[in-house]
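Q: Predicted model, plus sequence, below.
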Amino acid sequence: MLLKNLHKHTEPITIIALHLNALTHYPAGDVRRWNASANVLVVPDRVAVQRAHGSILAAHVVNARAISRAWPDCAYVVLQASNMLWHRPGMESTVRALRHSVAEKRKGTVPAHSRARHHPFWRFLYGQRGLDGSGQHEGAFFPLGVVLRFGAVLDGWLLNRTKSGRCGLWRDDAVPCADRRAHPAFRGVPGLGTSAAWDELLATPQFLEEYWLQAYALNVERLAPHPANAWLCARVTGGLTGAAARALVAGGGTAAPACVAAFASLRQSGNETRLGLDACGAACFAIKPVPRDPEDPVVRSWD
């Protein structure tokens, strides 16, 4: 369903990197069939991904590295979640025009209790320029080189952390590496750094994918922040109904009255709100969350 949806709403030259969770079994025949699809790369390096863990960010880094090896001329990457579907074409034009999706967050709009922002690595990034680009990763986009360099910086930081014996990622004081309690399933993932700190990072319960890459883009790469976030996906509070999905598809993603009513409340990171689907403007190309079950009425309503 995801590949069919992507092929319909993306340009023929757009590359699809498909990451398969290492914790899930996929029949070999299905993997071969997906890999044989036009412009599809089933990423060979698989991360054991858990919801709301550092493994999500790690999987995005692994995907970017796989794309770079297979298609070194690729210019940009767009991040997608498995419960997100596209509802109209044209997103590539927005990506090419804006180059990245990050805006600077206003003070007070990011939850103060976020562990991702109190981590020494985030403070290292933030300290370069003092900009907070926190925001959703679904539909976020960056130049491929930015994501690759971010992965290299994170690799180096984690390796130094391990060499110094400081494997306690959430503390500045030294914690002996032998005392870490990373889950064994997270060890030895190809395509990632091999330091002990990577193991702990993958098992970390926090939305790192909504903070660290964005902070790197603004503070280290020094990308100019946009006036407002330009991600390509709208998060819908409470999810979608079958009727709402049909209205969305029938309207081609435009702000038809039935569609606006169905999406009157869209949630955006940083405690901000949008008034309706039309408020997404040219940047609204995809919707999340969508049920992952292909037999669900919402998914069956999708074209």
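A: All right, it came through fine.

Q: what comes into contact with stretch 80-95?
A: Residues external to stretch 80-95 that are found in contact with it (C-beta atoms under 8 Å, 6 or more residues apart in numbering): 1-2, 5-6, 8-11, 14, 76, 78, 137-139, 141, 230, 232-233, 248-249, 252-253, 282-283, 285-292, 299, 302. The way it works is simple: take the backbone N, C-alpha and C, and place the C-beta from them, glycine included.

Q: Mind checking which of those land in strands?
A: Y76, V78, F141, C233, A286, I287, K288 (DSSP state E).

Q: Now pLDDT and distance to H60 too, for those, in a markdown table please.
A: Below are the ones in strands among the contacts of stretch 80-95 laid out as a markdown table (pLDDT from 0 to 100; distance: C-beta to C-beta, whole Å):
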| residue | pLDDT | distance to H60 |
| --- | --- | --- |
| Y76 | 97 | 13 |
| V78 | 96 | 11 |
| F141 | 95 | 11 |
| C233 | 86 | 14 |
| A286 | 86 | 16 |
| I287 | 83 | 20 |
| K288 | 82 | 15 |
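
Q: neighbour-wise, which of those leads?
A: I287 (29 neighbours; other C-beta atoms under 10 Å).

Q: Just to check, that one is in contact with A234?
A: Yes - using C-beta atoms under 8 Å, I287 is in contact with A234, at 5.7 Å.

Q: tell me which residues in stretch 284-298 are buried?
A: C284, F285, A286, I287, K288, P289, V290, P291, V298 (16 or more other C-beta atoms under 10 Å).

Q: Can you tell me which of those is nearest W122?
A: K288 (24.1 Å; C-beta to C-beta).

Q: from memory the closest one sits against C233, does it?
A: Yes - when contacts are counted by C-beta under 8 Å, K288 is listed as touching C233 (5.5 Å).

Q: quick one on the thing from earlier: right, and the pair among the ones in strands among the contacts of stretch 80-95 with maximum separation?
A: Going by C-beta to C-beta, the pair spanning the ones in strands among the contacts of stretch 80-95 furthest: Y76 and I287, at 21.1 Å.

Q: for the closest residue to R99 other than its chain neighbours, what are its contacts?
A: Leaving aside its sequence neighbours, R99 sits nearest to P143 (C-beta to C-beta, 6 or more residues apart in numbering; 6.2 Å). Residues near P143 by C-beta under 8 Å, 6+ apart: A75, Y76, V77, R99, H100.

Q: Among those, the buried ones, what's the PyMOL command?
A: This is how PyMOL selects the buried members of the contacts of P143, with burial counted by 16+ other C-beta under 10 Å:
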select buried, resi 76+77+99+100
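
Q: Need the contacts of P143 in JSON lines (columns: distance to L23).
A: Output for those, formatted as JSON lines (distance: C-beta to C-beta, whole Å):
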{"residue": "A75", "distance to L23": "32"}
{"residue": "Y76", "distance to L23": "29"}
{"residue": "V77", "distance to L23": "23"}
{"residue": "R99", "distance to L23": "34"}
{"residue": "H100", "distance to L23": "31"}
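
Q: any idea of the mean pLDDT in the helix ranked longest in the chain?
A: The longest helix of the chain (DSSP state H) is helix 144-163. Helix 144-163 shows an average pLDDT of 85 in the prediction.

Q: same thing with stretch 52-72?
A: Mean predicted confidence for stretch 52-72 is 91.
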